[in-house]
Every structure is written in C-alpha cells, then in structure tokens.
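Participant: This is a predicted model, with the sequence first.
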Amino acid sequence: MRLSELDYELPSALIAQEPLESRSDARLQVLDRSSGKLEYSRFYKLAGFLREGDLLVVNDTRVIPARLIACKESGGKIELLLIRPLPESEGAWLSLLRSHRQIKEGTRLILDSGHALRLLCYQRPGRAIVASDDSKPLSELLKESGLLALPPYIRREVAAADQDDYQTVYAEHQGAIAAPTAGLHFTPALVQRLAEHGVQLHRVTLHVGAGTFAPVRAEDTRDHRMHSEWGAIEPATAEALNAVRERGGRVVCVGTTSARVVESAADENGRLQPLAGETDIFITPGFRFRCVDALMTNFHLPRSTLFMLVSAFSGLKTMRAAYAHAVQAGYRFYSYGDACLLLRGSSASASGERR
C-alpha cells in the first residue's frame, strides 16, 4: 500500500489541546461496517452499543514521567526521552536525545536537582544509552525530575492537571511513555454502569513506546519497520477472552494498543494464549483479525500506523469516509480528542445524533 493512500485533510483547529472537563462527555462516532450505518453519540452512552456478555479489553499500562531536561557540565541544554530500561545492562536506559550538537560518549549530564546522568554510548544519531552517574538509580531520578511527554501536536507546556488527565482510571503497571488514549474517556462510574449492563472488563498490558510518535517515512508501507513494545496477557485473562467468544460474546478492544497485544497472542483459530514479551506486530489493510470483534479508539494522525490499523479493521474507504464525516461534524482529534467505536456486527442503531 502507498502511504499517500492513508492521508486525509484535518484543520489544525480540530486537534484537541486540552481534555474535556468530564472524560466521558467526549463525542462518540459509532460505525457498523456490516450495515454501513454511522451514528453520532456520546461516550457515556457506550453501554447502549454493547451487549450483555461482551468483554472490554483495556490496556492497564501507566505512563511514566519519561522526559528529562539536563545540561552538560560545559553548558548546553539537552532533552532526553527515556524509552525503557535495558535488562542486559543493569541501571541503563534506552533514550532519545535532542541536542543542538552531537554529545560525546561518556559526557556527564546534570539535572536541575543536581543529580547526574552519563551518556554511555550511541545506538544511532538521536538514540543513546544513558545511566545514572550518582547514588540514585535512573528510575528514581525519573520520579524526582521527570516530566510527562505529551505528544508533539499538543502545543503547550505540560500542566499539573495532565498528571491525572493523561492517565486512564485503570492505569497500574508503569512503563509507557504515552497513554493508551482510547481509555482516557472512561470514568469509574461508567465502568460500574457497564458492569451492571453485563459487560465484563479485563486487563492486558502494552507499554506504549516512542514509536507511537515516529512518522512513517517509507512510501510503500511494506518497507516500514514497526517498533517493538513489551506486552503481557495473564493466563486467566486469556481464558476469560476465549470463554466469552465461545459463548457468542464479543471481544471489544479499547485502543489500538489492546488490539495489537491481543492479536499478537491469538493463534490461527482465534484462541488467545498467555503472553509476556516484546511484540512488533504491524497491522495494515489486508490483515486478518483473529480475536478482536470490535474496536474502541480515538481519531488518529494521517499516514500513521494507527490509521493503518483502523483501516485494516473497518476498510480504508470506510475509514476515510468516517473521518471526513467527523471533520465535517467538528469532532476533536488525537490524544485528548473524541472517540470512535468500530463494530463488525449489526448492533449500531439508526443514524442520527444521540445527546
């Protein structure tokens, strides 16, 4: 597929810069692929589009404050984005590095707190391995001095409110540098309402990495190398998802991250196996989904791997039309934006706006 086929026009005014005051007030576009129906609703009415016996799969990764600002001892500001610890090198982390000039390996980097890091080596330009250079481990320095790394299309400084706004209400396992944003719309009250409606909620983990911000540069999507992320599905969760499908219920993945980890663990017959490890699954149009029956997601960047995934799920032509409708209706896009529920059955009701 040509990358240009995954493009669409988006007015910059529709890129959400702030979250809504109430998470579940987000607008919800519901697309039923089998019937072609498109409906506009609100996220807090989600239960009306799900059936008793359906199962929601959420990603319980927790965003870490992965951005550090440091200076060389000789002067010069350096920005680091800590991606993940390296188990083969105790205390060292893989990092993205932004500096006006190339930094020598072995350079000591001083944080505002006075604690220091050391650049151990480069993997390639802009990507390096760093470690703490004093008594505090790097994981503790992140807690002390780290900042959230909001996506680059949010053109403002990180605010105190983002510490909560940019986490899902079920976030638990630390390790992501970006939020699984489809889950940002849930509130404890909505989770309870869904449970009363007979919709189960089960957790998987996928630590969202720096690749979520990386643009696709290959014009032929087959030439793109997908980033790797760590994911996990517990045995009990795999059993629960398999049991729901056997009973005729649907597996509804909340977010592309949940969909990726579920499809990584599904066998050819759609049965889920436990998982704990890296996955670099790359889902593009033509992919055969084996376990995901419905997908809850936000609106994604053009030419991105995320737009490829939703196009694989519902069809490129269908998604381009749905996004055009969302633009026309003034939906809010990207991380702090509105939501989209992609169905493959006939559960969506007649078109129109539910308020």
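Facilitator: Yep, it's here. Numbering: from 1, shown residues only.
Participant: Can you give me the domain assignment for this structure?
Facilitator: As assigned by automatic domain parsing, the chain contains the domains 3-63+161-343, 68-145.
Participant: okay if I get these as JSON lines plus distance to residue 153 and mean pLDDT?
Facilitator: No exception for glycine: its C-beta is placed from N, CA and C like everyone else's. Below are these laid out as JSON lines (distance: least, Cβ to Cβ, whole Å; pLDDT from 0 to 100):
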{"stretch": "domain 3-63+161-343", "distance to residue 153": "5", "mean pLDDT": "95"}
{"stretch": "domain 68-145", "distance to residue 153": "16", "mean pLDDT": "91"}
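Participant: what's the most buried one of those?
Facilitator: Stretch with highest mean neighbour count among the domains of the chain: domain 3-63+161-343 (a mean of 19; mean count of other Cβ atoms under 10 Å).
Participant: where does it sit relative to the chain's centre, distance-wise?
Facilitator: 8 Å (Cα atoms, centre = their mean, to the nearest Å).
Participant: how close does residue 74 get to residue 107?
Facilitator: As for residue 74, its distance to residue 107 is 9 Å (criterion: Cβ to Cβ, to the nearest Å).
Participant: Identify the residue nearest residue 324 in space, chain neighbours excluded?
Facilitator: residue 8 (7.1 Å; Cβ to Cβ, 6 or more residues apart in numbering).
Participant: Tell me which residues touch the one you found, please.
Facilitator: 302, 320, 323, 324, 327 (Cβ atoms under 8 Å, 6 or more residues apart in numbering).
Participant: In helices only, show me those.
Facilitator: 320, 323, 324, 327 (DSSP state H).
Participant: Verify the stated contact: the second one with residue 299.
Facilitator: Yes - counting by Cβ atoms under 8 Å, residue 299 is a contact partner of residue 323 at 6.6 Å.
Participant: Now do the helices for the stretch 51-200 of the chain: every range, in order, please.
Facilitator: 138-145, 162-165, 188-196 (DSSP state H, counting those that start in this stretch).
Participant: could you redo the ones you listed as a markdown table and give each row distance to residue 95?
Facilitator: Formatted as a markdown table, the helices of the stretch 51-200 of the chain follow (distance: least, Cβ to Cβ, whole Å):
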| stretch | distance to residue 95 |
| --- | --- |
| helix 138-145 | 9 |
| helix 162-165 | 21 |
| helix 188-196 | 35 |
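Participant: For residue 59, list the residues it contacts.
Facilitator: 168, 180, 183, 203-206, 208, 254-255, 257-258, 261.
Participant: Just give me the closest of those to residue 83.
Facilitator: residue 208 (10.5 Å; Cβ to Cβ).
Participant: residues near the closest residue to residue 177 other than its chain neighbours, how many?
Facilitator: Excluding its sequence neighbours, the residue lying closest to residue 177 (Cβ to Cβ, 6+ apart) is residue 66, at 4.2 Å. Neighbours of residue 66 under the rule other Cβ atoms under 10 Å: 24.
Participant: Surely residue 66 and residue 179 touch.
Facilitator: No - contact criterion Cβ under 8 Å: residue 66 and residue 179 do not qualify, at 11.7 Å.
Participant: roughly how far apart are the residue nearest to residue 324 and residue 237?
Facilitator: For residue 8, the distance to residue 237 - Cβ to Cβ - is 35 Å.
Participant: same deal with residue 100?
Facilitator: In terms of Cβ to Cβ, residue 100 sits 46 Å off from residue 237.
Participant: Make TSV from the contacts of residue 8 and add distance to residue 233 to it.
Facilitator: Putting the contacts of residue 8 into TSV (distance: Cβ to Cβ, whole Å) gives the following:
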residue	distance to residue 233
302	31
320	32
323	30
324	35
327	35
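Participant: of those residues, closest to residue 188?
Facilitator: Closest to residue 188, out of all of those and judged by Cβ to Cβ, is residue 323, at 30.7 Å.
Participant: Not counting its neighbours along the chain, what's nearest the closest one?
Facilitator: residue 8 is the one closest to residue 323 (Cβ to Cβ, 6+ apart), at 5.4 Å.
Participant: before we move on, what SS does that neighbour have?
Facilitator: coil (DSSP: H, G, I helix; E, B strand; the rest coil).
Participant: when you give positions from now on, start the count at 37
Facilitator: That works, and once the first residue is 37, the last one we named lands at residue 44.
Participant: shouldn't residue 43 be in contact with residue 339?
Facilitator: Yes - using Cβ under 8 Å, residue 43 is in contact with residue 339, at 5.7 Å.
Participant: In contact with residue 330, which residues?
Facilitator: 90, 286, 287, 288, 289, 377, 378, 379, 380, 381.
Participant: Let me fix that, I meant to ask about residue 118.
Facilitator: Applying Cβ under 8 Å, 6+ apart, the residues near residue 118 are 100, 102, 103, 104, 129, 130, 131, 166, 174, 178, 182, 213.
Participant: which ones among the residues you listed are found in strands?
Facilitator: Applying DSSP state E to the contacts of residue 118, the entries found in strands are 103, 104, 129, 130, 131, 166.
Participant: Now the second one. Nearest residue, chain neighbours left out?
Facilitator: Looking back up the chat, that one is residue 104. residue 116 (4.5 Å).
Participant: so what's the one you found bridging to?
Facilitator: residue 104, residue 133 (DSSP bridges).
Participant: doesn't residue 64 fall inside a strand?
Facilitator: Yes - under three-state DSSP, residue 64 sits within a strand.
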